[in-house]
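> Would you be able to build a 3D model of this:
(chains A and B)
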Amino acid sequence: MIFFQERVATKELVVYLIDASPKMFSPAGKLENQEEESYFHTVVSCISQSLKTLIINRSYDEVAICFFNTREKKNMQDLNGVFVFNVAERECLDKPTARLIKEFSHIEEQFMGEIGSQYQIIPGNRENSLYNAIWVAQGLLRKGSAKTVDKRILLFTNEDDPFGSVSGAAKIDMTRTTLQRAKDAQDLGISIELLPLNRSDEEFNVALFYADLLGLDGDNLTQFMPVAGEKIWSLRRLDDMKDQLRKRMFKKRKVRRITFSVADSISIELNTFALIRPTLPGAITWLDSITNVPLEIQNSFICADTGALLQGHTKRFHPYKNKNIKFSVEELLEVKRVSTGHLRLLGFKPLSCLKDYYNLKPSTFLFPSDKEIIGSTRIFIALHRSMLRLQRFAVAFYGSSSHPQMVALIAQDEISNSSGQVEPPGMHMIYLPYSDDIRKIEEVHMNVDSVAPRATDDQIQKATALLKRLDLKDFSVYQFANPSLQRHYAVLEALALDEDEMPDIKDETLPDEEGMARPKIVNALEEFKVSVYGENYDEDYMEISVSEASKKRKDIVENAVKECANYNWADLADNGKLKDLTVVELKYYLTAHNLPVTGKKEALINRILTHLGK
Amino acid sequence: MARNKEALLLLIDVSPSMHNLLTEVERVCSMLIEKKLIYSKSDEVGVILFGTDETNNDLTKEVGGYEHIVVLQQIKVVDEDTIETLQKLPRGTSPGDFLDAIVVGMDMLIKKFGPTNKGKKRLCLLTSAQYRIKEPYEGTKEDQIDMISAQMNANGMKLECIIVRGKLTGDANRRIMDENDLLLNRFSKKSCAKTIYVESPTSLLGAIRTRNISPVTIFRGDLELSPRMKIKVWVYKKTSEERFPRLKKYSDKAPPTDRFATHEVKVDYEYRRVDDPSKVVPPEQRIKGYRYGPQVIPISSAEWDAVKFKPERSVKLLGFTDSSNILRHYYMRDVNIFIAEPGNTRAILAVSALARAMQDMNKVAILRCVWRHGQGNVVVGVLTPNVSHRDNIPDSFYFNVLPFAEDIREFQFPSFKYLPSSCQPNAQQQKAADSLVKMLDLGSPGKEVLQPDLTPNPILERFYCFLELKSKQPDATVPLLDNTLKLITEPDPELLSQNKSFIDEFSKQFELMENIKIKKSSRRLWREKPSGSNEGEGAGDVSDAQAVESTKNESAVKVDKIGDLTPVQDFEAMMSRRDSTEWVNKAIKDMKNIIFDLVENSYEGDTYQKAVECLIAFRKGCILEQEPKQFNDFLRHLCKFCRKKDLSSFCEFLTSKQITLITKTEAVDSDATEEEARSFLVKIDHIRRSKVVGRLEATTSLPRASVLLLPIFSNSCAMDSRPHQDTSGSFFSSSSDKLQLYSYWQSSCSWRVRFALNLKRLPYEYKAVNLSKGEQFSPEFERLNPLHFVPVLVDGDLVVSDSFAILLYLEEKYPQNALLPVDAKCRAVNLQAASIVTSSMQPLHMLSVLKYIEEKVGPEERQSWAEYHIGKGFAALEKLLKDFAGRYATGDEICMADVFLAPQISVAVMRFKFDMSKFPTLCRIYEANKVLPAFQASLPERQPDASID
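Alright, predicted model coming up:
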């Protein structure tokens, strides 16, 4: 039996609303293997991918998958042309499970047979499948208060003019009711986001219909177009679609609001965001191995002296000068309270002062807000521009109560590419080390009376040539998935689905050996090697490393064998005299017989006894 | 001396040029010793002073010379005396000769330890190096330094020179200093020495390494550029956070006589089944479960080992890239350093060539690293060149870990350029910002302040100070952060005052406004409390991450903070957490704050319901956890607070919900008896509507209530003549001196107001206006009310006339004992009843109108006119209230309608002998009102200006 966790606080409810009209099944582009790929296929593979990410990162979110413009219907309201997809025994709107992902990613095989594609909005037909779809989605999102849960509809379509085929009063009526439907949903706190797919012949024209549906009026449309990252993008390539979906995955969530005191009378409001944080494999839940029921850990505190059970102890102590110095928890908190403010500016320094080794943990992103202190954004932007222009960073003290720290604030200009924003504009807060956190490693192996060897110009030149050859032009930190994490979840997925075969995960972080073997690179490497190591390095190198180590090892073994022969081990063992020998003596036996020599004396004796068969 | 031990000789310059810095020197040296006492108790320390008046050292006795050098402490194992010794350094008057001091120190070390190379021997020189050192007897000073260096190398000594200059005094001689600097730098070239220049007292505190941690490599092996080209490297940590010491939990259970008690606390873990907490599962029967979506998948460690990712230990180059591709904020963790294998010249050359090429071309290297065998994960990171500026230190690389695709949250933010113009700075504002950024400079070349390498950790400084202090005075309070450390947490006042004009200009250019629409929460912001959002403030490194993220981290799902949204649930979840007892304390603390905020920030009681829900949950939790004191103290405090802050309506609300102290029967530890708990409710009652108390008095005549009520009613007769004895008056002390009521004893309109004031227990000063004598036409009164009508209420500088307006004002300003119900319907009925009295009845039979009718129509018409209008009004009121009335006009609580009705009926019956028998409801209401002390005290005949005509 596999235990299913109870629902915990849900953070986000998402309905993937997928257009399944015949147009979606037309070819969108070619795959690597030259097979045609349909829009529908693109959408399905993107969503499966995103669900996999979701199950890892936000397994408490709930999703529903809903097709519209289908032949068959399946939904609570029994509306035509809408089909809600779910897996056996789970609800329509539910946390993603391994089964859902698997069945959904293979949906194309049965889609035509079981669900079917049929464009419903045609003259003479009073059905409005888009209207129905939004209604069904809204119904799915009924649970949970909009205050505590984010509710979203992600709409995938390549039809920019859904009512293009009808005309006259029918069109006006359909448009009006659909917009009203969407507005009602939005009024209920549901955000509708569009992922439009360009058809090969024409660009998706948001203005035709969807701008109204999303509530973008003329001004917003033009002025906020780049921001509309929030709501709209035109997808030029299939990859962009994946990029966009990945960016949509996480709802922007601030960590906390802080004040940034620029000077005595000027404190502005900032929100902090965690843009980069290590994703770790999920925490362990202890289970009872017999029933697979989760266990609860209960810890009790026991006085080491008397064995009495303790409750509500608030004192701590630290040994010092042979005494135990006691502290109350309040006192310890007070010690940490060195600053009253949230973030206080201390001054500015040139960027060159920020050394590469001034780092301790992931940075925090700062973005201004005018929500409570009007004018904050303006000050922030002014400082941001000045810092960028003057190539300076700010030094500030971040007085959080748990971990106050000196920080550097670096202004980051916005960076965008074809698929949208890559780096948002704002400041990054870098946590700076203190003097005791920095180790002077360079000095540890300092050569007292000699000058350290330095590369010659020729060697540097050869290195330069190598650098040019081995250049990763478009390197981006986004390109590597964490292989151990991928493996972890692939294994879990296989176990969740009871698959026998363990999946093979490609480790993307391995060097490109093929590329490295290209003659030009091999040459550059060889030249550099010869220039720093000399001609006959390989032979010397092997000789030194192999011979020295192995010779030493051989000596030890020989010595051990010799010494070992001086004792009658079987006798000693039988008479229980082994324990009278020293560890060094015991190790003679172990070494001579090629056994591990680690551990405490008792372990060594046991090992000998086992080996002697006693 | 053991390998890990250190012998340290402090050579401290106490000559006049150092005097202004000696306090900091004493501090940093004490800190050094304190940390040694904690972390390396067997280290040995000696102290030598130079520049002293006296001379006391071995060398001067043996060979002469070496004057003005005092051995303050011989080399010995650290103890607390050393701290004492270092805290009172004498101020010398002679110029110090640092070279002599170094020689004396070396001599001491050699005599003590001989030429052994075991252990570390360190000389730490603290000087301003402002005085010329003596010429040697033979050779040059340089020769002498070379000789000393050779000696130091032979004996394995290290030298650390900290040159403190700070603000140069006027008589500083630049030439001498330059010479001295050259001499000291010669040490670094010839021996294991380094020189640090310190500009400020703050940096001085950070300049000395107070704790020695032997560096350990995390990797030794090949940096593989390709399968055919490898460089032997050692990898160390370059930065590693020195954490706040982990303090042990203290147990006071051991008897005080037990001298061997450890006072430690052990933690016992038990695993219980969630579905059946009575079942304890033995540790070997547990199996790890991993979450995948809603499923929890059990995998044993052995199974996991078989399938998990097992990369090979290696460090491989992926390639080089432009340094601009790696933004600074991608750095994820503490930093490592790659050095070429020591002594391996070829490796050193290879690293040097690459580092220099990378620096020239502005490139960085991307590496894939698996540090240890069997380590389950891989890191991808960036190697940046660290080109050495010292001849005897080889080049190296810094290594920073980069994020994986999974670690990045790609949030989208609006472009600044598309933000509305109200957010865009204009040219002048930009200029002000530019000059601020330029002028508040901390990093001018050679004068950089707050350099991390020289900045001490203020929290740790403070902790160790406190520890030392507590070792002497166990009751000591946490010392304040002194000015030297404040320079780390706050801007330098000197820098601010130097640049005052730029800051002022900046402040002038920009305007900040509090958004009044959401004042409530912004108040919280100004108060600098953590926001109450669910994304709480956690402890530790990645607290931010935990809060935001997604993660499947146990602690992220567990509630570790009480949020605004679901405080009750959060509280319960937190109280039931068993992984630390801290949670209970935190839950209690957070809950208290939440309840306070709810009560304090409520608008017309809109959050009371929620606050009470929280309070109920809190009470339950405290009973369960047997923490009655926490709750009782809090409840008492809360009620006191409410009384002070005019929030007595909340106390009322509490009483109505029957929330009281936790009694002994509920929790043994409670300090409250049943009786006390019951009386606590009644005590809250004191500030409830007087009518309730009045009713109590009328029906059961509880002594407590009558004692409470008497003073105010006796006062009401002669309010102006006597000072208040009102026991409850202090609740409303803010208003007690201010209210003045201009009234006439016979006026029914004044009567209402008197009645209402008594109900609200508002003391007031009675100002008689004798209508029969026409005092209402006096110029003084005309200023108050040009209509010449009583009553008029004066509250501070506010004058309100018209009884209806007065009552509505009172209701708003003094919400205690509310007269208008919250329910809209009931409220409407009250207002309607009031309006009937004020507009359709009283004005039609007021004295002036009747007089007018009598004159114009005749005396007999006077009575019938009055009777007609009174009857018409009462008929309407009877019909209106018939279905609403309870004990009082609109229910069981006294309300606005009563206030208007009772005097009206009284006037009708007394003055016009009106027959009320047709109006049973009104009669019943009147009877109920009549017995109220508040009403009786408002009776016309009990007013100070009453006279029997």
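
> In stretch B:273-292, which residues are buried?
For stretch B:273-292, burial by neighbour count (16 or more other Cβ atoms under 10 Å in any protein chain shown) applies to B:273, B:281, B:286-292. From N, CA and C alone the C-beta is placed, and that goes for glycine too.

> Now, those residues that are in strands?
Taking DSSP state E, the ones among these that sit in strands are B:273, B:281, B:286-292.

> Those residues also near chain A: which ones?
When contact is defined as Cβ under 8 Å from any Cβ of the partner chain, these meet chain A at B:273, B:281, B:286-292.

> Quick check: the farthest pair among those?
B:V281 and B:Y292 (22.5 Å; Cβ to Cβ).

> circling back: turn the ones in strands among the buried residues of stretch B:273-292 into a markdown table, including distance to A:K73 and pLDDT.
Output for these, formatted as a markdown table (distance: Cβ to Cβ, whole Å; pLDDT from 0 to 100):
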| residue | distance to A:K73 | pLDDT |
| --- | --- | --- |
| B:R273 | 44 | 81 |
| B:V281 | 49 | 82 |
| B:R286 | 48 | 84 |
| B:I287 | 45 | 86 |
| B:K288 | 44 | 85 |
| B:G289 | 39 | 86 |
| B:Y290 | 38 | 84 |
| B:R291 | 35 | 80 |
| B:Y292 | 32 | 81 |
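
> from those, which is closest to B:L354?
B:Y290 (41.5 Å).

> That closest one against A:I284, yeah?
Yes. Counting by Cβ atoms under 8 Å, B:Y290 does reach A:I284; the two are 6.6 Å apart.

> separation between A:K440 and B:R209?
Using Cβ to Cβ, to the nearest Å, A:K440 is found at 8 Å from B:R209.

> Show me which of the two is the more surrounded one.
Neighbour count, other Cβ atoms under 10 Å in any protein chain shown: between A:K440 and B:R209, B:R209 has more, with 17 against 12.

> Identify the residues contacting that one.
For B:R209, the contacting residues are A:435-436, A:440, B:160, by Cβ atoms under 8 Å, 6 or more residues apart in numbering or on different chains.

> mind listing the strands for the stretch 701-850 of chain B?
Along the stretch 701-850 of chain B, the stretches classed as strands by DSSP state E, counting those that start in this stretch are B:740-743, B:765-768, B:792-795, B:798-801.

> out of the ones you listed, nearest to B:A573?
strand B:792-795 (48.0 Å).

> Am I right that A:E526 sits in a helix?
Yes. Looking at A:E526 with DSSP: H, G, I helix; E, B strand; the rest coil, it is inside a helix.

> Specify the residue ranges that define each domain of the chain.
I'll assume chain A. Following the TED database, one gets these domains for chain A: A:12-249, A:252-440, A:457-470+A:481-533, A:543-612.

> actually chain B
B:6-207, B:217-242+B:308-407, B:567-688, B:740-942.

> What about the closest residue to chain A within the stretch 801-949 of chain B, how many residues nearby?
The stretch 801-949 of chain B approaches chain A most closely through B:V822 (23.3 Å), counting by Cβ to the nearest Cβ. For B:V822, the neighbour count with other Cβ under 10 Å is 10.

> Could you check the pLDDT of it?
On the pLDDT scale, B:V822 is placed at 81.
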